[in-house]
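>>> Fold the stuff below for me.
(chains A and B)
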Amino acid sequence: MGAYEFDLWVFMLAAFLGFQLIRGVSPLLHTPLMSLTNAISAIAVVGAILITGAKDASTLSLILGFTAVLLATLNVVSGYLITDRMLKMFKRREPEKK
Amino acid sequence: MNSALLNDTILPILYMLAAAGFIMAIKWLNSPATARRGVVVGEIGMLLAVVGTLLRFDVVSYQWIFVAFFLGAAIGIPIAYIMPMTAVPQRTAFSHACGALASALIGTAEYYKGVRQGPPVTTVEMTALIIETLLGFLTFTASLMAFGKLQEVLPQRPITYKGQNLVNLGIFAAAAGTGLALIVAPEQTYLFPIFIVLALLFGVLLIIPIGGADMPTVIALLNSYAGLSASAMGFVLNNKMLIVAGALDGSSGFILAVIMCRAMNRSFSNVLFGAFGQLQTTATGKAGERPVRSASPEEAAQILEASRTVVVIPGYGMAVAQAQHKLKEMFELLGKRGVNVEFAIHPVAGRMPGHMNVLLAEADVPYDKLREMDDINPEMPMADVALIIGANDVVNPGAETDPKSPIAGMPIIQAYKARTVMVIKRSMNPGFAGIDNELYYMPNTIMLFGDAKTFVSSIVKELGALARA
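The predicted structure is shown next:
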């Protein structure tokens, strides 16, 4: 089995798993869901690190890689923080005020 | 540490743990009770993956990486804390733009590296790379355009012209054709910048004809594209964690887009190429000539206070007027008087999936009072009052009764079934989509003219006076 065939299988299974998982998410949390998955896909920072930190990186690679690390980090940091900030707001009942 | 051991044995395990963390993060998001735990697991997963990658032996220079980390965090942290919740749709569009651009830039760097320094990219890798950069660049400009429309820097009305779909299709075909040529013969470096420009251009053109009311679908779709682009990067780098993370994001955005389309009874192609909101301009003009009943805040407060069940139906207008905090006060006051107040949320209310829920949660409305459309519709005939705040199309009975209506067949919250319908609205001007709403002329409807926040404040004041009396 070629590497790409294996990768395709992984993709297919992950996509189906994703469909199943997302269906379980209540519409109540669709906005936090979107910001969370956005933070997760910012794991692309891994690819950006490989480009930027390579031994023989050309100037072009450095510029592109640097920008990509910056953008992905921005998404990771703000994505997780905002998701958590939103989720904190969802409370079941009023705290007793007596 | 033995670097081969790290690269071949430890790193794959770290990546696998990270992917498992992402899966659990989404899994735990199915309930507000476990959701925050999910965020922590996602964070741990990402930390493992990033630290592991930094330790790889082929990563040798760190200074630029750490400068970028620092700058990214320095921009990201303030955004996360300062941003008001009403700006969530804009911020989401912005982060789609960032994520997509990051992935497109990595693809670009990979391409030039492969062509100039080798090892030469294979056809399979090149295909993945072209998909990655195409989706990345087009999502980048499309998300920026969406951001501009949501921030109201750009006009929210759809902009259409004759032959628009043909032009868009042509640009897309040109981009895809150039991509194909690059896959066949990657060494034609002169084609790559052309390919980038075409992809960027297509992203802009794609959003121009889309109106504000369709933003929930479009944002979800862009979310999906950004994820798929990251997944394609996983194919280029032969990294399964990236494939999984991207696929999760891609399927999430896709499902949300499907839910949004279904909630409007429209197809993807209709949302993307139908230019909603432009078709109905002819239907306007006669509005405002038919008699309607209106009332003062005092009368409204009396009716609300005398009822047992009130269903509040919020829409984008509530977000614009920032009326959610005043609504919470009204909710409390009525609750103290024994009135049961619930909130009915239409899936496409607002500018992104779940928009209304976040705003009401921010105002401290308990989430068990936020009800879904299908859940609350059977109870609408029992409601004494349906109070509509800044919503229009999602309560338009024309969707059920008038087969010629542009929103015919769209599932609505059946506010018209309530004993009394109250609509807070600035004036009789038709809503965003320009569709006249029969609801306003029904005998049991009372129009409350004014700004949503001001009017709700007045109701709150009157309720306070009633409580003291």
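
>>> Find the residue ranges of the stretch 1-150 of chain B scoring beneath the pLDDT cut-off.
Along the stretch 1-150 of chain B, segments meeting pLDDT under 70 span B:1-3.

>>> One more: chain A?
For chain A (pLDDT under 70), the answer is A:1, A:93-98.

>>> ok, now with 50
A:96-98 (pLDDT under 50).

>>> What number of residues are in the vicinity of the residue of chain A at minimum distance from chain B?
In chain A, the residue that lies nearest chain B is A:Thr73 (2.7 Å; Cβ to the nearest Cβ). C-beta here means a position set from N, CA and C on the backbone, and glycine is covered the same way. Using other Cβ atoms under 10 Å in any protein chain shown, the number of residues around A:Thr73 comes to 26.

>>> Give me the neighbour count for the residue in chain B positioned nearest to chain A.
Of all residues in chain B, B:Gly72 sits closest to chain A, at 2.7 Å by Cβ to the nearest Cβ. B:Gly72: 24 surrounding residues under other Cβ under 10 Å.

>>> Verify the stated contact: it with A:Thr67.
No: shown here, B:Gly72 and A:Thr67 do not form a contact pair, counting by Cβ atoms under 8 Å, at 10.1 Å.

>>> sorry, back to before: quick one: contacts for the residue of chain B closest to chain A?
With contact taken as Cβ atoms under 8 Å, 6 or more residues apart in numbering or on different chains, B:Gly72 is in contact with A:Val69, A:Leu70, A:Leu71, A:Ala72, A:Thr73, A:Leu74, A:Val76, A:Val77.

>>> would JSON lines of those with secondary structure be doable?
Listed next are those as JSON lines, based on DSSP: H, G, I helix; E, B strand; the rest coil:
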{"residue": "A:Val69", "secondary structure": "helix"}
{"residue": "A:Leu70", "secondary structure": "helix"}
{"residue": "A:Leu71", "secondary structure": "helix"}
{"residue": "A:Ala72", "secondary structure": "helix"}
{"residue": "A:Thr73", "secondary structure": "helix"}
{"residue": "A:Leu74", "secondary structure": "helix"}
{"residue": "A:Val76", "secondary structure": "helix"}
{"residue": "A:Val77", "secondary structure": "helix"}
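
>>> Of these - the most surrounded one?
A:Ala72 (33 neighbours).

>>> Once you drop chain neighbours, what's closest to it?
A:Val45 (3.7 Å; Cβ to Cβ, 6 or more residues apart in numbering or on different chains).

>>> ok, that neighbour touching A:Val77?
No: counting by Cβ under 8 Å, A:Val45 stays clear of A:Val77, with 10.4 Å between them.

>>> for B:Leu105, what are its contacts?
With Cβ under 8 Å, 6+ apart, B:Leu105 has these contacts: A:Ala48, A:Leu64, A:Gly65, A:Thr67, A:Ala68, A:Leu71, B:Gly136.

>>> Pick out the residue closest to the middle of chain B.
B:Met352 (2.9 Å; Cα atoms, centre = their mean).

>>> Would you agree that one is in contact with A:Thr31?
Yes: applying Cβ under 8 Å as the test, B:Met352 and A:Thr31 come out as touching, 6.2 Å apart.

>>> Which residues are in contact with each of those two?
Contacts common to B:Met352 and A:Thr31, judged by Cβ under 8 Å, 6+ apart, are B:Val88, B:Thr92.

>>> thinking again about what came up before, what strand or helix carries the closest residue to the residue of chain A closest to chain B other than its chain neighbours?
In this structure, A:Thr73 finds its nearest non-sequential neighbour in B:Gly72, 2.7 Å apart by Cβ to Cβ, 6+ apart. Using DSSP states H and E, B:Gly72 sits in helix B:63-82.

>>> measure stretch B:332-347 end to end?
Using Cα to Cα, to the nearest Å, the span of stretch B:332-347 from its first residue to its last is 25 Å.

>>> Quickly check: it near chain A or not.
Yes: using Cβ under 8 Å from any Cβ of the partner chain, stretch B:332-347 reaches chain A at B:Ile345, B:Pro347.

>>> Report the buried residues of that stretch.
The neighbour-count check on stretch B:332-347 (16 or more other Cβ atoms under 10 Å in any protein chain shown) flags B:Glu332, B:Leu333, B:Leu334, B:Val339, B:Val341, B:Glu342, B:Phe343, B:Ala344, B:Ile345, B:His346, B:Pro347 as buried.

>>> Sitting in helices, which of these do you find?
Among those, DSSP state H puts B:Glu332, B:Leu333, B:Leu334 in helices.

>>> My guess is the second one contacts B:Lys461. True?
Right, the one you point to is B:Leu333. No: with contact defined as Cβ under 8 Å, B:Leu333 and B:Lys461 do not form a contacting pair (10.0 Å).

>>> related to what we said a few turns ago, now do the contacts for the residue nearest to A:Ala72.
Each residue near A:Val45 by Cβ under 8 Å, 6+ apart is listed here: A:Ala68, A:Val69, A:Ala72, A:Thr73, A:Val76, B:Val50, B:Ala102.

>>> next one: phi and psi at it?
Main-chain dihedrals, A:Val45, degrees, to the nearest 10: phi -60, psi -30.

>>> related to what we said a few turns ago, the following helix or strand past the helix holding B:Gly72 to helix B:63-82, inter-axis angle?
Downstream of helix B:63-82, the next assigned helix or strand under DSSP H and E is helix B:88-117. On the basis of axes from the mean of the first three to the mean of the last three Cα atoms, to 10 degrees, helix B:88-117 is oriented at 170 degrees to helix B:63-82.

>>> what comes up buried for helix B:88-117?
B:88-111, B:113-115.

>>> need the contact list for B:His325.
Taking Cβ under 8 Å, 6+ apart as the test, what B:His325 contacts is B:Ala363.

>>> was I right about B:His96 contacting B:Ser143?
Yes: between B:His96 and B:Ser143 there is a contact under Cβ under 8 Å: 4.1 Å.

>>> Give me the neighbour count for B:Arg293.
Quick note: B:Arg293 (other Cβ under 10 Å) scores 12 neighbours.

>>> How confident was the prediction at it?
pLDDT recorded at B:Arg293 is 86.

>>> So the residue nearest to it when sequence neighbours are not counted: helix, strand or coil?
In space, and not counting its chain neighbours, B:Arg293 is closest to B:Ile446: 5.3 Å by Cβ to Cβ, 6+ apart. Three-state assignment for B:Ile446 (three-state DSSP): strand.

>>> secondary structure element for the spatially most central residue of chain A?
The centroid of chain A falls nearest to A:Ile40 when counting by Cα atoms, centre = their mean (1.5 Å). Using DSSP H and E, A:Ile40 maps to helix A:30-41.

>>> immediately after that helix, which helix or strand?
Per DSSP H and E, the first helix or strand lying C-terminal to helix A:30-41 is helix A:45-53.
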